[in-house]
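Participant: Provided below for reference: sequence and predicted model.
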Amino acid sequence: MTHSPAKKKIFSFLLTFFIMVVVWVLLSGKFDAFHLSLGVISCAIVAYFSGDLIFDSPKIRGLPVAWMRFIRYIPWLLYQIFLANLHLLYLTFHPKLHDLIDPQIINFQSKLQSDISLVTFAHSITLTPGTITVDVSIDGEFNVHAIDEKSRKGLPGEMESRIAKAFGEG
Amino acid sequence: MNIIVTLLLICGLIFFTGGAVGIIRFPDFYSRLHPAGKLDTMGSLLIMIALSLFNLHHFSLGGLLTSLKIILIMVFVFLSSPTAVHGIVDAGVNAGLSPWTKEERRR
Amino acid sequence: MDQIFLYFGLYLSFLMVISLYRAIFGPTVLDRLIGANAIGSKTVVLLILIGLIYDRVDMFVDIALAYAMLNFIAVLAASKYFHKRKGLHDELS
């Protein structure tokens, strides 16, 4: 199914407007008519100018499904971050620290295609302690600084396949 | 309720202590980024959950809004902390600092 | 509960002093930047703790949000500046 450009523009305008109104109400905390109308007017102006910046996605239909799958990915990521944090905490308080760590920069090629999944993968790698993304090229080549053997072994591994599943890339 | 909040606060402070000690102990700046960026993020996640729970103790609409704002700060920290760490690493690689390795220590 | 929050705030300030060591004596500019970033992330938590102690969380939480954004922008701007400038090795020699 194809979408005309005007329809896509209206859709992205409405989505940006909705998110901005929610953030406005959350931040102001006042529910009288004056503050709400101020918020609606300023959100409409901002969404008119920059609505096509945030949601430039070509497919509109699969958006709620993709968001649902992405939200299901977050608890697994938090659990993984917690485990790796415990490992890094053990390393930090170990007396023979300089014998245990072995920092290296490693390269690997990722299978992911789209920009948003590559950015999510790079963020997840950096959020997991023990690994920092140094560089990502446009066709999915990662440079990762890993602090020891254990965190180096886990790459790209399960995280990549979970992200590929979350963004619908087989 | 107070017991849960205090336990979460203590866990967060343990992570913060690890971050502060790790910044001092690790050998070069690439490996110093690991405790600085990640342990602090985890510690502030735990502490913010504890504080928003404590804030909900006397329930009201204003208190609920304040707790949602604390969660909003948490989401922002989770988005911004990897970006800041990546910016620092990128500056280091561009300046040509070589990472600390085990071979360097044996020499 | 206010007593507990007070002691936690004091302990956080002590941790900030430890991070300040890296910000002052760090061998390179980027080490100082790491120390400043660590202090900033502790300050956000400390601001909310102060708000809970004074019973004005609704006010202090806005300050904490603004400070988190300011810290992020400051670190990004400083690292971008040294990215372009390539003056990192001057301090080492």
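Facilitator: All right, it came through fine.

Participant: Not counting its neighbours along the chain, what's nearest the spatially most central residue of chain C?
Facilitator: Centroid-nearest residue in chain C: C:Gly40, 1.5 Å away (criterion: CA atoms, centre = their mean). Nearest residue to C:Gly40, sequence neighbours excluded (CB to CB, 6 or more residues apart in numbering or on different chains): C:Asn71, at 3.5 Å. Yep, even glycine has a C-beta here, placed from its N, CA and C like the rest.

Participant: Wait, a helix at A:Ile106?
Facilitator: No: counting by DSSP: H, G, I helix; E, B strand; the rest coil, A:Ile106 falls outside a helix, being strand.

Participant: residues touching it, list them.
Facilitator: Neighbour list for A:Ile106: A:143-144, A:146, A:152, A:155 [criterion: CB atoms under 8 Å, 6 or more residues apart in numbering or on different chains].

Participant: For it, which residues count as its bridge partners?
Facilitator: With DSSP bridges as the criterion, A:Ile106 is bridged to A:Val144.

Participant: show me where chain C has helices.
Facilitator: C:2-25, C:29-53, C:57-85 (DSSP state H).

Participant: List just the nearest of the contacts of A:Ile106 to chain B.
Facilitator: Of all the contacts of A:Ile106, A:Asn143 has the smallest distance to chain B: 8.3 Å, by CB to the nearest CB.

Participant: Quick one, which of the contacts of A:Ile106 are buried?
Facilitator: A:143-144, A:146, A:152, A:155 (16 or more other CB atoms under 10 Å in any protein chain shown).

Participant: Between which two of the residues you listed is the distance greatest?
Facilitator: A:Asn143 and A:Arg152 (13.0 Å; CB to CB).

Participant: Quick check: which ranges of chain C have low pLDDT?
Facilitator: C:85-93 (pLDDT under 70).

Participant: give me that answer again for 50
Facilitator: C:93 (pLDDT under 50).

Participant: Chain A too?
Facilitator: Along chain A, segments meeting pLDDT under 50 span A:1, A:170.

Participant: Strands of the chain, start to end?
Facilitator: All of this refers to chain A. Ranges of strands within chain A are A:104-109, A:131-136, A:141-146, based on DSSP state E.

Participant: Chain A: helices as residue ranges?
Facilitator: A:5-28, A:33-54, A:63-93, A:97-100, A:115-127, A:149-153, A:157-166.

Participant: for the ones you listed, which one ends up most surrounded?
Facilitator: helix A:115-127 (a mean of 19; mean count of other CB atoms under 10 Å in any protein chain shown).

Participant: Residue numbers of chain A in contact with chain C?
Facilitator: A:27, A:29 (CB under 8 Å from any CB of the partner chain).

Participant: Centre-most residue in chain A?
Facilitator: By CA atoms, centre = their mean, the most central residue of chain A is A:Thr120, 3.8 Å off.

Participant: How about the contacts made by that residue?
Facilitator: A:Thr120 sits next to A:163, A:166-167 when contact means CB under 8 Å, 6+ apart.

Participant: Show me the shaky parts of chain B.
Facilitator: Looking at chain B by pLDDT under 50, you get B:107.

Participant: the longest helix in it is where?
Facilitator: Per DSSP H, chain B has its longest helix at helix B:61-95.

Participant: quick one: C:Leu20 and B:Ser60, what's the gap?
Facilitator: 39 Å (CB to CB, to the nearest Å).

Participant: Kindly report the same for A:Asp139.
Facilitator: 53 Å.

Participant: ditto for C:Ile63
Facilitator: From C:Ile63 to B:Ser60 the distance is 21 Å (CB to CB).

Participant: neighbour-wise, which of these two wins?
Facilitator: C:Ile63 (14 against 10; other CB atoms under 10 Å in any protein chain shown).

Participant: Would you check that that one makes contact with C:Leu47?
Facilitator: Yes: shown here, C:Ile63 and C:Leu47 form a contact pair, counting by CB atoms under 8 Å, at 5.7 Å.

Participant: Chain A contacts on chain C?
Facilitator: C:58, C:62.

Participant: at 10 Å what do you get?
Facilitator: Neighbours of chain A within chain C, by CB under 10 Å from any CB of the partner chain: C:58, C:61-62, C:65.

Participant: Of the strands of chain A, which is nearest A:Gly51?
Facilitator: strand A:131-136 (27.4 Å).
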